[in-house]
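**Q** Next input, structure requested:
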Amino acid sequence: MPDRPTIYFIRHGETDWNRDRRYQGQRDVPLNETGRGQARRNGIALRRFLPALARAAFVASPLGRACQTMEIVRTELGLPPADYTLDPRLMELSYGVWEGTLQDDIIGSAPEIFAARSRDPFRFRPDKGESYADLLLRVQGWAEGVTDDCVVVSHGGVSRCLRAHMLGLAPELVPGLESPQDRVLILRPGSISWL
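**A** Okay, the predicted model is just below:
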C-alpha cells in the first residue's frame, strides 16, 4: 500500500468506566480529568506535525468521549475545536448486554461465557453485541475510503482492527494489541510508530 496516506490515530482519553474496567462499548461516557489531560498531551505531541496537519482531514467516532478528545486535541493544535467530521464506522465495538457491567462481575457471574470469549476473543460476540471480526469489517470499509492524511480520534477496538488491516496482521492477534490512551499511533503503509 505505498500510496496510502498517514493516519494519526488517537484513542479517546480515559473515562471513569475505563478506570473501573467497566465495559463501555457504544455507551456515551464522558472523559474524566485524567482523560482530558491525556487528550491535551496528545494534542501537544502532534504540534510537531504542523502546519501539515492543518491540511489533514480530522474525523472522530460520534461517541461523546471521542468528540471531547478531538476538540481538546484541536484546541492544543490551535485549530477551531469543532471543525471535524464524524463517522459512525469509527464507533467502538458494541459489547451488547455487557455494556455497563464490570469485567470482574462477568467473570464471577458467567464464567462459562467468559471462558468462551477467552478461547476465541476475535470471533466471540456477546449477546446483542459485536465481535472483533464484525468490527474489523466495519473498520476496513472506513480505511479503504481514506485518501488523505488524517487525524482520527476513536476507540481501542478500532485502533486494534485498523492496525490489523493496514499491517496485514493475523486476526487472532487483534484482541491482544495494546491501545494506550496517552500516546498517538502513527500508521503509515506497512509501519507504525508511537508518539
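**Q** okay, now the closest residue to A143 other than its chain neighbours: neighbour count?
**A** Setting aside the residues directly before and after it, A143 is nearest to H165 in space (Cβ to Cβ, 6 or more residues apart in numbering), at 5.5 Å. Bear in mind the C-beta positions are built from the backbone N, C-alpha and C, glycine included. In terms of burial, H165 registers 21 neighbours under the definition other Cβ atoms under 10 Å.
**Q** Excluding residues flanking it in the chain, which one is nearest the residue nearest the centre of the chain?
**A** Taking Cα atoms, centre = their mean, the centroid of the chain lies closest to H155, which sits 2.0 Å from it. What sits nearest to H155 in space, not counting adjacent residues and going by Cβ to Cβ, 6+ apart, is E92, at 3.7 Å.
**Q** mind listing what L136 touches?
**A** The contact partners of L136, taken as Cβ atoms under 8 Å, 6 or more residues apart in numbering, are C161, A164, H165, P171, V174.
**Q** For it, give its distance to D148.
**A** With the distance defined as Cβ to Cβ, to the nearest Å, L136 ends up 23 Å from D148.
**Q** if we can go back for a sec, does the residue nearest to A143 belong to a helix, a strand or coil?
**A** helix (DSSP: H, G, I helix; E, B strand; the rest coil).
**Q** Enumerate every residue touching it.
**A** For H165, the residues meeting the contact criterion (Cβ under 8 Å, 6+ apart) are L136, V139, Q140, A143.
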